[in-house]
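How does the following fold in three dimensions:
(chains A and B)
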Amino acid sequence: KNEVEQSPQNLTAQEGEFITINCSYSVGISALHWLQQHPGGGIVSLFMLSSGKKKHGRLIATINIQEKHSSLHITASHPRDSAVYICAVFDPPGSGNTGKLIFGQGTTLQVKP
Amino acid sequence: EAGVAQSPRYKIIEKRQSVAFWCNPISGHATLYWYQQILGQGPKLLIQFQNNGVVDDSQLPKDRFSAERLKGVDSTLKIQPAKLEDSAMYLCASSHDRGRGGYTFGSGTRLTVV
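Next up, the predicted model:
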């Protein structure tokens, strides 16, 4: 079982729909990242959060540390939101760890006009 | 602030050839990472540098992959000889101090081995 699991793996939505992508993890973390990757492109950091909720434009990210679960929401989705969304948890340095990100497998989102 | 620079953006080589990728991190970022991302999967850490020292290369296939960061700034990743299964996106990222405060990723190099 992967340490970071995302669902769904693939998601198709109509423009304007509310979208939710889920991330569950099994390791202790100090922060969780939501990343966006466009086809053929590099990765852009959307959010880094360690508790509660963050909002940026139409994107909202929440995290529940006790349940080891995070969600990324997109309101009023648009075709330009089509991308791969990746959840990654930060395993902080210390006790032999070097400080690294552990990635989920990604969720491929397609928003149709 | 300039981002993480990577080159080339794309590379196509034949199997058994050699290839090198270059990365220039954010100025002042002590930690540099190379990731391999196979299509449909999340990135996998190949090597992590702290300044010019290697702190994690446990998943680097050392029989064919090598990386260096001689002056603690830019870095090169080399594959020699390449195999078909090395076809992937190679991503470079940097952080101020081992991930604290976040990461910045480059645009990646798409390698195709034929």
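
What residues does residue A:20 make contact with?
A:71, A:72, A:73 (C-beta atoms under 8 Å, 6 or more residues apart in numbering or on different chains). (Glycine included, C-beta is placed from N, CA and C.)

any weak-confidence spans in chain A?
Low-confidence segments of chain A (pLDDT under 70): A:1, A:41, A:95-97.

repeat that for 80
Along chain A, segments meeting pLDDT under 80 span A:1-2, A:28-29, A:40-41, A:92-99.

near chain B, which residues of it show up?
Residues of chain A found near chain B (C-beta under 8 Å from any C-beta of the partner chain) are A:4, A:33, A:35, A:40-45, A:48, A:86, A:88, A:90, A:92-93, A:98-101, A:103-106.

Which of the residues you listed fall in strands?
Residues of these located in strands (DSSP state E): A:4, A:33, A:35, A:43-45, A:48, A:86, A:88, A:90, A:100-101, A:103.

Now a PyMOL select for only the buried ones of those residues.
To isolate the buried ones among these in PyMOL, judged by 16 or more other C-beta atoms under 10 Å in any protein chain shown, type:
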select buried, chain A and resi 4+33+35+43+48+86+88+90+100+101+103
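
Now the ones in strands among the residues of chain A next to chain B in TSV, please, with extra columns for distance to residue B:67.
Listed next are those as TSV, based on distance: C-beta to C-beta, whole Å:
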residue	distance to residue B:67
A:4	25
A:33	23
A:35	22
A:43	19
A:44	24
A:45	23
A:48	26
A:86	23
A:88	21
A:90	22
A:100	16
A:101	18
A:103	19
